[in-house]
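> Sequence and computational prediction follow.
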Amino acid sequence: MLKKFLKRKMKFFIAIIISFLISIFLTSTLKFFKKTNLEILIKTMEANVESLHYYLASFFSGNLSSVRERKGIYNNIFIIAIDDKAIEKYGKWPFDRKVWSDFLEYLNKEKNPPLVFFDIIFGEKSASPKSDEALINSFKNYKGKLAEDIIFETFKTTVGKEIEKEEESFLIKKIITEGDNYFSPKIQAIKKFELNLKEKPRLSSFAKCIPMMEELAKRIDIAGSANVNLEILPISKIPLVVSCYYYFEDKEAYYLTNIYYPSIVLSMAASLLDSKIEDIEITTNKLTIKNAQFEGKRIDFEIPVDDQLNLKINYKSLPSSGYVKIIPFSKYQQYKFQSNDILFLGMYSTKGAYDIKNTPFGEMYGIELNAYAFGTIINRDFIKENSNFLFNFLYTFIISSATGILVCFGTLFAIIALFIALILPVLTGFVSFINGTSIITFIPMVTSAIVLVIMQVYMLLTEEKEKSWIKSTFSSYLNPKLVDILLQNPEMIRLGGEERRVTVLFSSIKNLGDFSQRFSPEEMVEFLNSYFSKMAEIVINNDGTLDKYIADNVMAFWGAPVEVKDQAFKACEASIKMKEAVEELNKELKEKGLAEIAINIGINTGTVVVGNVGSEKQTNYTVMGDTVNLASRIKGLNKYFHTNIIISETTYEEVKDRFYFRELDLTRVKGKTKPVRIYEILDLK
C-alpha cells in the first residue's frame, strides 16, 4: 500500500524536494557566499526587480508624473544645480573658486541657511592663490554650517574585510607605494571627522583618500564620504560608514591601520540633529545617533542598516521631477532663501564632473541621490531590509513549492502556478515595501520559475508516457470521448485495485454450437469477427468499456474507468441495440440460406473491484467480484426462460421507469444463497 501511495504522490514529493534544494541554495548565497560573484549577481537582480516597487510606490503616492505632496524635510531641501547654463555663465569646469566664495557671501547677506552641502572636492590648491584664499575665508566667515565630500579610492586588487597573512606583505607594499601615510598633514587634517567606534564593523575597506585642502579642512564643519557601492546596480543603498587603510612607520617597520569615517549624509544628519559624530554608535544592523534633538526631544535616533552599514534610500520620484526642489546655480541670486532652508550644491550637467548614478528610477545626478538619502534619515522614512536567513528560505520555499504542486494538477493549474511564480512575489514585496520593509523578490521569483519549468517538463515526460499507456490500453475498447477524458484526467485511473459501482453486461450466442457446424474454421472466424465488431461498436458508442471476448462471450461494463451518468440505462439500451443488431445480421444469414442466431444477455449493477490484472508484461483492465459473477449467471438463465435479455433487481431499480419489463422469477443462482429477483427487458419506453 505504501509503495502504491508513494507512486501516486511521487510528483508532489519531487516538486517539494526541488523547491527545497533550489530555495536553500539561492537564499544561502546571501548569507554564506559574501563578496562572491554569485552574491553580487543575485543582489543586482534583487535591486533591479525592486525598482518596480519604487515605481509603484511613487505612482500610488501621486509623485510619479507630478509632485502631489512633499513631506517633512523635503519642503526645506533645495538642490543648487550646476547645470549647462551655469557652465556657460561661469566658464569651463572647474570654476574659479571666487565663484563659490561669492555664493557664500550672498548667502551670508540673506538668512544664511543653516546647512550648505558642497558636493564638490576642493582637494588641491588651484592656479589662483587669491581665489583659494577667498574660498577659505568665505568658509571661515559663513554663519551657518558647511559640509563637503571626502572621496575614497581602492586599488584594482580590492582590499578585503581582513588581511590574510599571505597577503599582508603584498598589501603593505601596495599601500605604502600608492596609499597614504596616516600621519601625513592631509590625513591628519581630517582626523576630527574620524569615527571612534566601540564595535568595529568588518567592512570592505578603501586604500586611498582624497580629502579637501588642509586649510579648508580646518574651517569645515561637516565632512564625510561621498562613495557609493557601484558593484550592485541600480543603487538602492548607500554606505553610512566607510573605512580606509593607511600605513605608518614605527621603529623602521611599516604597519596598517584601519580608520572609519561617516558618510557625508550621516555626518550632515548628525549635525542637523544637534549631535556630533562622537555620538554615533554601531550595533548589529543598527546605527544610532545618541542624544539627538528630534521633534523637541532628546532621543537616541536609530537608523536601520544592513550588515555592511548600508542605508536603503527611500527615493520618492523620478529624477529631476521636482520632488526635491531645484534652483539653477546661474540664477541663485534671484531666490530669497529662508532661515530653515538646506542647500545641496552639486553637478547637474554632463559638461562638468561626471556624477550620474544608476538608481531604481534610472539615471540620477549624485546630488539628488544624496538629497533622498538625507531625507530618508531626517524624515525617518526608513525601508528596513529583512535579511533573516530562515525567513528568506521559508518564504521562498513556500511560494516555490506551492508553484510546483499546482503544476502537478494539470494545465489549468499550471497557469495559476505561473501567476504565483511571477506575480505573487512582486505583489507581496510591494505590500511589504510600502509598509517599510524590503523583502527578497527576485529569489522567490526565479526559484518558482525554475521549479515551474522543471515540473512542467517532468509532467510532460511522465504524462506523455501515461497518455501513451492510456491510448494503448483503452482506445480499443472505450469510447474515444471517454479516452479523451482520461487523457485530460489520468488521475481517474488508479493502477491499483479500487472499488467502483458499475453495471456489468455479459452476452453470448445461444446456438453457436449448432450454427458453427455449417462453417469452415476460416468462415467461423470471419463470422465471429463481424459479430464481435458489431457488438463492440454498440458497447463503445453507448459509453461502455469493452472488457474481453471469451469464446462467443462479450463482457462489458459501465462506470469505470470514467464515471458514466445513467450507467444502468446505457447498459440496458446497449442490450436492446445488440438484440436489434443480431436481428439485422439474421436477415443477412437468411439470404445466404444459413440458420439464424440468438443471443443471451445478462446485466447486473453493483460494487466491483476494478483495476489492472495480469502479469508484469501483460495486464488487462477489468472488473471482479460477486456483481460480475451474478451478471454471468443471469445471462445463463435466458435458456430456461426462453428470453434474450435478463437484468437483476438492482439494475431494474435504476431503470424501471424507462423500459417495458416482465418480471420472471425470484431465483437462486449458483454461488448465491439469497434469492435474486430477475426481469426481462422487452423494449425502451
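In hand now; what should we look at?

> In terms of helices and strands, where is the spatially closest residue to Ile377 that is not a sequence neighbour?
In this structure, Ile377 finds its nearest non-sequential neighbour in Ala269, 4.4 Å apart by CB to CB, 6 or more residues apart in numbering. Placement of C-beta: from N, CA and C, glycine included. Element membership of Ala269 [criterion: DSSP states H and E] is helix 264-272.

> Check Gly611 too.
strand 599-614.

> before we move on, the earlier item: could you point out which element follows the helix holding Ala269?
Downstream of helix 264-272, the first helix or strand assigned by DSSP H and E is strand 280-283.

> coming back round to it: what sits against the residue nearest to Ile377?
Contact partners of Ala269, counting by CB atoms under 8 Å, 6 or more residues apart in numbering, are Ile289, Phe374, Ile377, Ile378.

> Which strand or helix spans Glu368?
Using DSSP H and E, the secondary-structure element containing Glu368 is helix 366-378.

> mean confidence for that helix?
Looking at helix 366-378 alone, the average pLDDT works out to 97.

> Equivalent analysis for stretch 511-521, please.
pLDDT averaged over stretch 511-521 equals 71, rounded to a whole number.

> Over to stretch 117-136?
Looking at stretch 117-136 alone, the average pLDDT works out to 93.

> tell me how far it is from the chain's mean position?
Here the centre of stretch 117-136 is set off from its chain's centre by 52 Å, with CA atoms, centre = their mean, to the nearest Å.

> Now do that stretch: everything it contacts.
Under the contact criterion CB under 8 Å, 6+ apart, stretch 117-136 has outside partners 94, 96-98, 100-101, 146-149, 151, 210-213, 215-216, 219, 222, 226, 264, 268, 342-347, 353, 355, 366-367, 370.

> do stretch 419-429 as well
49-50, 52-53, 399-400, 402-403, 406, 438-442, 444-445, 448-449, 451-452.

> Apart from its neighbours in sequence, what residue is nearest the spatially most central residue of the chain?
The C-alpha lying nearest the average C-alpha coordinate of the chain belongs to Met445 (CA atoms, centre = their mean; 2.0 Å). Taking CB to CB, 6+ apart, and ignoring the residues beside it in sequence, Met445 has Pro425 as its nearest neighbour in space, at 4.7 Å.

> now do Leu104
Residue nearest to Leu104 in three dimensions, not counting chain neighbours: Ser138, with 4.1 Å by CB to CB, 6+ apart.

> my guess is that neighbour meets Lys98, correct?
No: shown here, Ser138 and Lys98 do not form a contact pair, counting by CB atoms under 8 Å, at 9.2 Å.

> those helices in the stretch 551-685 of the chain, which residues are they?
567-591, 626-636, 638-641, 649-655 (DSSP state H, counting those that start in this stretch).

> just to revisit the earlier point, where's the residue nearest to Leu104 relative to Phe557, distance?
Counting by CB to CB, to the nearest Å, the gap between Ser138 and Phe557 amounts to 102 Å.

> quick one: contacts for the closest residue to Thr284 other than its chain neighbours?
Take Thr284 and drop its neighbours on the chain: the residue closest to it by CB to CB, 6+ apart is Asp307, 7.6 Å away. Neighbour list for Asp307: Thr284, Asn285, Ser387 [criterion: CB under 8 Å, 6+ apart].

> any chance of these in CSV, with neighbour count and pLDDT too?
CSV is the format used below for the contacts of Asp307 (neighbours: other CB atoms under 10 Å; pLDDT from 0 to 100):
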residue, neighbour count, pLDDT
Thr284, 8, 80
Asn285, 13, 81
Ser387, 15, 87
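
> ok, the residues you listed vs Leu682, which is closest?
Of all the contacts of Asp307, Leu682 sits closest to Ser387, with 81.0 Å by CB to CB.

> Low-confidence stretches in the stretch 51-200 of the chain?
For the stretch 51-200 of the chain, applying pLDDT under 70 flags the ranges 155-170.

> Tell me which stretches of it form strands.
Taking DSSP state E, counting those that start in this stretch as the test, the strands found in the stretch 51-200 of the chain are 77-82, 115-118, 145-153.

> Out of these, flag the one nearest Leu630.
Among these, strand 77-82 comes nearest to Leu630, with 91.3 Å by CB to CB.

> and the angle from that closest one to helix 366-378?
170 degrees (axes from the mean of the first three to the mean of the last three CA atoms, to 10 degrees).

> which element follows the least confident helix or strand in the chain by mean pLDDT toward the C-terminus?
Across the helices and strands of the chain, mean confidence by mean pLDDT, DSSP states H and E is lowest for helix 480-488: a mean of 52. Scanning forward in sequence from helix 480-488, with DSSP H and E defining helices and strands, the next element found is strand 498-509.

> Just the pLDDT for the residue of the chain most remote from its centre.
Distance to the chain centre peaks in the chain at Gly593, reaching 77.0 Å (criterion: CA atoms, centre = their mean). You'll see Gly593 listed with a pLDDT of 77.

> In the stretch 301-450 of the chain, what residue spans correspond to helices?
For the stretch 301-450 of the chain, the helices defined by DSSP H, counting those that start in this stretch occupy 366-378, 389-407, 411-422, 424-434, 442-474.

> Report the angle between the shortest one and helix 389-407.
Put simply, helix 424-434 runs at 150 degrees to helix 389-407, going by the same axes, to 10 degrees.

> For the residue nearest to Thr284, give its distance to Asn291.
According to CB to CB, Asp307 stands 26 Å off from Asn291.

> same question, Glu110
Using CB to CB, which is the criterion applied here, Glu110 is 31 Å from Asn291.

> Show me what counts as buried in stretch 110-121.
Buried residues in stretch 110-121, defined by neighbour count with 16 or more other CB atoms under 10 Å: Asn112, Pro113, Pro114, Leu115, Val116, Phe117, Phe118, Asp119, Ile120, Ile121.

> hang on, the first one packs against Asn141?
No: applying CB under 8 Å as the test, Asn112 and Asn141 come out as separate, 10.4 Å apart.

> that older thread, the strand holding Gly611 packs against which elements?
Secondary structure elements in contact with strand 599-614, counted by 3 or more CB pairs under 8 Å, 6 or more residues apart in numbering; DSSP states H and E, are strand 498-509, helix 567-591, strand 619-624, helix 626-636, helix 638-641, strand 645-648, helix 649-655.

> my guess is Ile342 meets Asn112, correct?
No: taking contacts as CB under 8 Å, Ile342 lies outside contact range of Asn112: 11.9 Å.

> Could I get the contacting residues of Ile450?
Listed by CB under 8 Å, 6+ apart, the contact partners of Ile450 are Ile18, Ile22, Ser400.

> which of those has the most neighbours?
Note: the member of the contacts of Ile450 with the most neighbours is Ser400, at 32 neighbours, neighbours being other CB atoms under 10 Å.
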